[in-house]
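Undergrad: Any chance you could fold what I've pasted below:
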Amino acid sequence: MQVSQGRGPPPARQPQAGLLDELNGFSGSWFEAGGGFHGMMNYWFRTATLAWLTGEIEAVQMNHAVRDARMGYGLKGLLCSWNMLSSHDTPRLITSLGDAEKARLALLMQFTLPGVPLIYYGEEIGMEGGADPDCRRTMRWDLAQWNHAQRDWVKRLISIRQTNPALQYGEVTVLGDRLAGNALGAAPDTKVQAASVQLDIAPRSGAIYQAADPHTHYTYFKPRNRG
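TA: The predicted model follows:
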């Protein structure tokens with residue numbers, strides 16, 4: 001994988017190379033058809049997610065941002081892009097949001113929307129850091145200073161993503177005011193009736209669901225529709 005800040009296709013001597021670009025903004029015109037790049041450092045995802053969780057934009061605007069990225073980048077472009085929430089050029093996640101609970105919601109979005117989750121070192125243990133160069137603090141190796149709940153959350157999300165191909169390669173669909181994507185898990189408060197799904201989810205929390213067959217000798221889903 002090459003990272004570049006200029007336009008152009010991969011070198012002819014490396015026909016299988018993937019070309020990834022860094023652009024702090026919406027990057028729809030920079031993909032293969034227009035600019036030759038296969039993926040982006042998806043700062044668009046970061047900007048929208050942080051704005052939503054800090055209350056700068058409403059959920060409907062967040063959904064529009066997801067829909068715009070899907071249309072502008074294409075599914076292939078999204079899947080080849082890095083979903084990032086912080087980097088060496090930006091304040092760290094927990095500093096930007098000011099709240100570990102919101103940080104966990106941001107990570108949930110990062111691991112379930114189309115794209116490659118990119119974890120900046122130390123985010124998995126809740127490191128803080130303001131604008132550059134404060135965001136480049138030395139890695140905290142003392143386990144007593146780690147946010148272990150944050151680390152366990154990241155490990156759990158990694159496990160969910162690795163065992164669910166739909167989260168690695170699947171599509172995303174935005175329905176009205178809500179974001180509907182791939183899912184994993186089960187919840188007793190889920191109700192399905194007449195093709196409608198009713199969810200009871202507490203404020204400032206998230207859930208991942210996956211359709212499942214409750215019966216041993218009967219299936220609701222054709223094999224081609226699984227995953």
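Undergrad: Can you list the residue ranges for strands in the chain?
TA: 2-4, 19-23, 39-42, 82-84, 116-118, 173-175, 178-180, 191-193, 196-198 (DSSP state E).
Undergrad: Next, count neighbours for Val154.
TA: 20 (other CB atoms under 10 Å). Heads up, the C-betas are built off the backbone N, CA and C, glycines and all.
Undergrad: That one: what's it in contact with?
TA: 107, 119, 123-124 (CB atoms under 8 Å, 6 or more residues apart in numbering).
Undergrad: Could you do Val66 as well?
TA: 48, 113, 172, 174, 179.
Undergrad: For Asn147, see how far away the third one is.
TA: Just to be clear, that refers to Val172. For Val172, the distance to Asn147 equals 29 Å [CB to CB, to the nearest Å].
Undergrad: can you pull the buried residues of the longest helix anywhere in the chain?
TA: Longest helix in the chain, counting residues (DSSP state H): helix 59-79. Buried residues in helix 59-79, defined by neighbour count with 16 or more other CB atoms under 10 Å: 62-63, 65-66, 69-70, 72-74, 77-79.
Undergrad: re earlier: out of the contacts of Val154, which are inside helices?
TA: Short answer: these in helices (DSSP H) are Leu107.
Undergrad: tell me the contacts of the spatially most central residue of the chain?
TA: In the chain, the centroid-proximal residue (CA atoms, centre = their mean) is Gln110; its distance is 2.1 Å. Gln110 makes contacts with 45, 49, 83-85, 117, 157, as judged by CB under 8 Å, 6+ apart.
Undergrad: Output these as JSON lines; include the columns neighbour count, pLDDT and distance to Glu101.
TA: Putting these into JSON lines (neighbours: other CB atoms under 10 Å; pLDDT from 0 to 100; distance: CB to CB, whole Å) gives the following:
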{"residue": "Phe45", "neighbour count": "27", "pLDDT": "93", "distance to Glu101": "20"}
{"residue": "Thr49", "neighbour count": "28", "pLDDT": "96", "distance to Glu101": "14"}
{"residue": "Asn83", "neighbour count": "23", "pLDDT": "95", "distance to Glu101": "20"}
{"residue": "Met84", "neighbour count": "23", "pLDDT": "94", "distance to Glu101": "20"}
{"residue": "Leu85", "neighbour count": "26", "pLDDT": "96", "distance to Glu101": "15"}
{"residue": "Pro117", "neighbour count": "19", "pLDDT": "96", "distance to Glu101": "19"}
{"residue": "Leu157", "neighbour count": "21", "pLDDT": "96", "distance to Glu101": "15"}
